[in-house]
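Participant: Give me a model of this one.
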Amino acid sequence: MAPSCDHGQPAPAPWTGLLLLATGFILSQAFRTIAAIMAAPLQDQFQLTPQQLGLFAGSFHFAFAALQLFMGIGLDMHGLRRTVLTASPLMVLGAALSALATSFPMLVAGQVLIGIGCAPAFLVCTVYIARCFAPQRFAAVSGAILAIGSTGMLLTGTPLAWLIEASSWRMGFAVLGACAAASWVAIALWVGEPPAAPASTPHPRESLGQAVRAFGQLFRLPHTLGIIVFSLVTYASFVALRGLWLGPVMMQRHGWSLVDSGNLAMLLSVVALAGPPLFGRADPGPRRRRRWLVVLTLLTAALFAGMALAPSASVDVALMLLMSTFGGYMALQYPDVKDAYAPAVMGRAMALFTMATFMGVALMQWLTGAIASAAQAHGMEPFSAVFGSIAALLVAGTLAFRWLPQPPSVAGSGARTTKA
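Facilitator: Residues are numbered from 1 along each chain as shown. Prediction:
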């Protein structure tokens, strides 16, 4: 039975509170994938190069990733509720600035604000799950929330394409901003603070400097490097496709319309919903879990390599559907991180993992934008270069994950790391 969450106020059941927090995660997923559908209208209005388009998409994730350290410290020092309610209004402000943007710098500034506002969105969900649900349910519940959050990508498929064609890309930002405001109000009214992780001995409240040093000590653990390198490329590969290049590749490589591309984005998002909860329930435990992660990431790299060959539209669509079908395996990275660190630093460990994940998204979107521009300048098909580079990055990250030091739960000690 899941432990109750004592908020000091009339509290919702654990699932109710978690679903309300997940509304912020849903909006985060929507904001991070708008570039795939907005790419064409934004390029037309602001005359953006592929490299600028990559910077636009990546600026959200740079800001999102950069704030994870402080969000993790905020969760451990000040609690889940205060952290999310302080950051989330910036989603609304950033959406408003983006909707009113008259230049590319204003558009990027809006994305930065949105990224900061979304920074605690999934992190608060993972901490809430760790505190309000039984430990053996962590993988299954976090997988379910990943699937629920992924419904945000449905908003940036056909609905966003229709809205842009009927109105403009500015209305897309306006609608998402209004939804973000509603999410903030719901969390403020009905979600309280879950109980803190139990401690074996009382300890004084940390100062900010002590919290930063404790965060930095995670890097001294030998298994942290492999986790970080791997997290830089896995989710980044999916977001680079679904959140940036899907629209351009189908419209420019295959001549599809904006709404047709939106329909494909919608289909991929629906297919992707089933993966995280299924893999969460099928979690095989620390040792076999890492083997699954290695094999499935290499398979993803092979699919991107296939797309790099510039095949027909039907082959491209089939490969994308395959990626969406088993892409939920990335949900297994969350229990992998949870098993690698002590409960006392769980907020910071999850923040570090999330920071690396979304810094990887930002870097991959920026890098692939630069690669696409360079390919065009040399008369090459840009999407072959983009997808080939993603495949190579996935292989490199997987090799690092496999051969760098493993956490004690995998290496054979049978115990979690207890000191960070």
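Participant: which secondary structure element contains Thr357?
Facilitator: Element membership of Thr357, judged by DSSP states H and E, is helix 346-377.
Participant: next one: Glu165
Facilitator: helix 158-166.
Participant: Taking helix 158-166 as reference, get the angle to the helix or strand that that helix is followed by.
Facilitator: Per DSSP H and E, the first helix or strand lying C-terminal to helix 158-166 is helix 169-190. Calculated by axes from the mean of the first three to the mean of the last three Cα atoms, to 10 degrees, helix 169-190 forms an angle of 140 degrees with helix 158-166.
Participant: And Met364, how far from Gly74?
Facilitator: 27 Å (Cβ to Cβ, to the nearest Å). C-beta here means a position set from N, CA and C on the backbone, and glycine is covered the same way.
Participant: So for these two, which sits in the more crowded spot?
Facilitator: Met364 (27 against 24; other Cβ atoms under 10 Å).
Participant: quick one, what contacts the more buried one?
Facilitator: Contacts of Met364 were listed using Cβ atoms under 8 Å, 6 or more residues apart in numbering, and they are Gly58, Val233, Ala236, Ser237, Val239, Ala240, Ile390, Leu393.
Participant: now those residues: which count as buried?
Facilitator: Gly58, Val233, Ala236, Ser237, Val239, Ala240, Ile390, Leu393 (16 or more other Cβ atoms under 10 Å).
Participant: Quick check: buried residues in stretch 129-141?
Facilitator: So, applying 16+ other Cβ under 10 Å, buried residues of stretch 129-141: Ile129, Ala130, Arg131, Cys132, Phe133, Phe138, Ala139, Ala140, Val141.
Participant: Just the angle for the helix or strand hosting Ile114 relative to helix 346-377, thanks.
Facilitator: Following DSSP H and E, one finds Ile114 within helix 104-118. Interaxial angle, helix 104-118 versus helix 346-377 (the same axes, to 10 degrees): 150 degrees.
Participant: want to try CSV for the buried ones among the contacts of Met364, with distance to Gly192 as columns?
Facilitator: Below are the buried ones among the contacts of Met364 laid out as CSV (distance: Cβ to Cβ, whole Å):
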residue, distance to Gly192
Gly58, 35
Val233, 37
Ala236, 34
Ser237, 37
Val239, 32
Ala240, 37
Ile390, 42
Leu393, 41
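Participant: quick one: which of these is nearest Arg287?
Facilitator: Set against Arg287, the nearest of the buried ones among the contacts of Met364 by Cβ to Cβ is Val233 (22.1 Å).
Participant: hang on, the earlier thing: quick one: the helix or strand following the helix holding Thr357 to helix 346-377, angle?
Facilitator: As assigned by DSSP H and E, the chain's next helix or strand after helix 346-377 is helix 382-403. Orientation check (the same axes, to 10 degrees): helix 382-403 against helix 346-377 gives 150 degrees.
Participant: residues of helix 382-403 that come out buried?
Facilitator: 382-391, 393-395, 397-398, 400-402.
Participant: now that helix: how far from the chain's centre is it?
Facilitator: In terms of Cα atoms, centre = their mean, to the nearest Å, the centre of helix 382-403 is set 18 Å apart from its chain centre.
Participant: helices and strands around it, which ones?
Facilitator: Packing partners of helix 382-403 (3 or more Cβ pairs under 8 Å, 6 or more residues apart in numbering; DSSP states H and E): helix 224-231, helix 234-240, helix 286-308, helix 346-377.
Participant: Give me the residue at the spatial middle of this protein.
Facilitator: In the chain, the centroid-proximal residue (Cα atoms, centre = their mean) is Phe358; its distance is 6.0 Å.
Participant: if we can go back for a sec, mean confidence score for the helix holding Thr357?
Facilitator: For helix 346-377, the mean per-residue pLDDT is 88.
Participant: between that helix and helix 224-231, how big is the angle?
Facilitator: Our comparison of helix 346-377 with helix 224-231, counting by the same axes, to 10 degrees, yields an angle of 50 degrees.
Participant: Sort out which residues of helix 346-377 are buried, please.
Facilitator: Quick answer for helix 346-377 (16+ other Cβ under 10 Å): 346-373, 375.
Participant: returning to that earlier point: and the helix holding Glu165, how far from the chain's centre?
Facilitator: 23 Å.
Participant: try stretch 306-323
Facilitator: 23 Å.
Participant: Check stretch 138-156 too.
Facilitator: 11 Å.
Participant: Quick one: mean pLDDT for it?
Facilitator: Here the average pLDDT along stretch 138-156 is 87.
Participant: for stretch 60-71, same thing?
Facilitator: On average, stretch 60-71 scores 87.
Participant: One more: stretch 285-300?
Facilitator: 92.
Participant: And the helix or strand hosting Ala95, what does it pack against?
Facilitator: Under the criterion of DSSP H and E, Ala95 resides in helix 89-99. Helices and strands touching helix 89-99, as assessed by 3+ Cβ pairs under 8 Å, 6+ apart, comprise helix 14-32, helix 104-118, helix 169-190.
Participant: Among those helices, which comes closest to Gln45?
Facilitator: Taking Cβ to Cβ, helix 169-190 is the member of the helices and strands packed on helix 89-99 nearest to Gln45, at 7.6 Å.
Participant: before we move on, back to that, ok, and what's touching the helix holding Glu165?
Facilitator: 34, 37-38, 41, 171-172, 175, 258-259, 261-263, 265-266.
Participant: Go through those residues and single out the one with the most neighbours.
Facilitator: Ile37 (29 neighbours).
Participant: which non-adjacent residue is nearest that residue?
Facilitator: Leu160 (4.9 Å; Cβ to Cβ, 6 or more residues apart in numbering).
Participant: what about that neighbour, how many neighbours?
Facilitator: 26.
Participant: What is the least confident helix or strand in this structure?
Facilitator: helix 408-411 (a mean of 70; mean pLDDT, DSSP states H and E).
Participant: could you turn stretch 240-255 into CSV, dropping everything but the C-alphas?
Facilitator: Only the C-alpha atoms of stretch 240-255 are listed here, as CSV (Å, rounded to 0.1, in the frame of the first residue of the first chain):
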residue,chain,number,x,y,z
ALA,A,240,15.4,15.8,-32.2
LEU,A,241,13.1,13.8,-34.4
ARG,A,242,9.7,14.4,-32.9
GLY,A,243,10.4,17.9,-31.6
LEU,A,244,12.4,19.4,-34.5
TRP,A,245,13.1,17.5,-37.7
LEU,A,246,9.8,15.6,-38.3
GLY,A,247,8.0,18.5,-39.9
PRO,A,248,10.9,19.7,-42.1
VAL,A,249,11.9,16.2,-43.3
MET,A,250,8.3,15.3,-44.3
MET,A,251,7.6,18.7,-45.9
GLN,A,252,11.0,19.2,-47.6
ARG,A,253,12.1,15.7,-48.3
HIS,A,254,8.7,14.2,-49.3
GLY,A,255,6.5,17.3,-50.1
